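K.L.:
Predicted model, plus sequence, below.
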Amino acid sequence: MIEALLACGPRFLAILAALAGAIASISAAWGFQLIGGFIPCALCYAQRVPYYLGIPVLVVALAVSRRGDIPRLGSLLLLVAAAIFAYGAYLGAFQAGAEWGFWDGPRDCATSGAAAVTKAGDLLAAMAQTRIVSCTEVQLRIFGLSFAGWNVVVSAGLVGLCAFAALGRART
């Protein structure tokens, strides 16, 4: 199986690596939320959107690349994916900068993990249990980087892989 993958060429492998990295990254974000109990802020949710858009673009680029009959379409799709992930890196850098105090974060950036209240009597209890998360509040640092910081690293890597695959094909 490894020989078959290697025979597909560097462009196909770069797209496959980008797709696997994007899926792993968004899966980790959901894992930290659903299993780890971390509550995302509004910017955290916004940083997921490039993955939701970029993964389908990468799937189509992978299929087009595998067929090989429309190389320009594959390159265009990869450049679109690179732009999408570059925007994700920008969002992560903005939030990470706000977390480090380099600039102010958005004033309306807060979210809660509370469920909807259906009875008026439960309102005070729900308010007592609600945790509001600011976009400038770091919930966890791993090797010195927050979730937003790691998003910058991963998104930049995805941009690099997409650009390599797109521009590498254009040169040949």
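P.N.:
That came in fine, so what should we check first? Numbers count the residues shown, from 1 in each chain.

K.L.:
what about residue 74, neighbour count?
P.N.:
Residues lying near residue 74 (other Cβ atoms under 10 Å) number 25. Yep, even glycine has a C-beta here, placed from its N, CA and C like the rest.

K.L.:
In contact with it, which residues are there?
P.N.:
Residues touching residue 74, when contacts are defined by Cβ atoms under 8 Å, 6 or more residues apart in numbering, comprise 11, 61, 64-65, 166, 169.

K.L.:
Now stretch 80-94: buried residues?
P.N.:
Buried positions in stretch 80-94, judged by neighbour count with 16 or more other Cβ atoms under 10 Å: 80-89, 91-94.

K.L.:
now swap in stretch 137-151 and tell me
P.N.:
139, 145-151.

K.L.:
Run through who's touching that stretch.
P.N.:
Residues outside stretch 137-151 that contact it (Cβ under 8 Å, 6+ apart): 25, 29, 32, 38-39, 41, 43-44, 47, 88-89, 91-93, 95-96, 99, 133, 153.

K.L.:
From the chain's centroid, how far away is the helix ranked longest in the chain?
P.N.:
Of all the elements of type helix in the chain, the one with the most residues (DSSP state H) is helix 71-99. Relative to the centre of its chain, helix 71-99 is centred 9 Å away, using Cα atoms, centre = their mean, to the nearest Å.

K.L.:
just curious, which of the contacts of residue 74 is nearest to residue 160?
P.N.:
Closest approach to residue 160 among those (Cβ to Cβ): residue 166, at 10.8 Å.

K.L.:
which residues touch the closest one?
P.N.:
Residues in contact with residue 166, defined by Cβ under 8 Å, 6+ apart, are 74-76, 78-79, 82.

K.L.:
quick one: the helix or strand hosting residue 66 to helix 71-99, angle?
P.N.:
Mapping residue 66 onto the secondary structure by DSSP states H and E places it in helix 42-67. Here helix 42-67 runs at an angle of 160 degrees relative to helix 71-99 (axes from the mean of the first three to the mean of the last three Cα atoms, to 10 degrees).

K.L.:
buried ones in helix 42-67?
P.N.:
42-44, 46-48, 50-51, 53-55, 57-59, 61-62, 64-65.

K.L.:
Could you tell me what pLDDT the model assigned to the residue nearest to residue 80 when sequence neighbours are not counted?
P.N.:
With Cβ to Cβ, 6 or more residues apart in numbering as the criterion, residue 80 has its nearest non-adjacent residue at 5.7 Å, and that residue is residue 57. On the pLDDT scale, residue 57 is placed at 94.

K.L.:
Correct me if wrong: residue 57 contacts residue 83.
P.N.:
No: Residue 57 is not in contact with residue 83 according to Cβ atoms under 8 Å; the separation is 9.7 Å.
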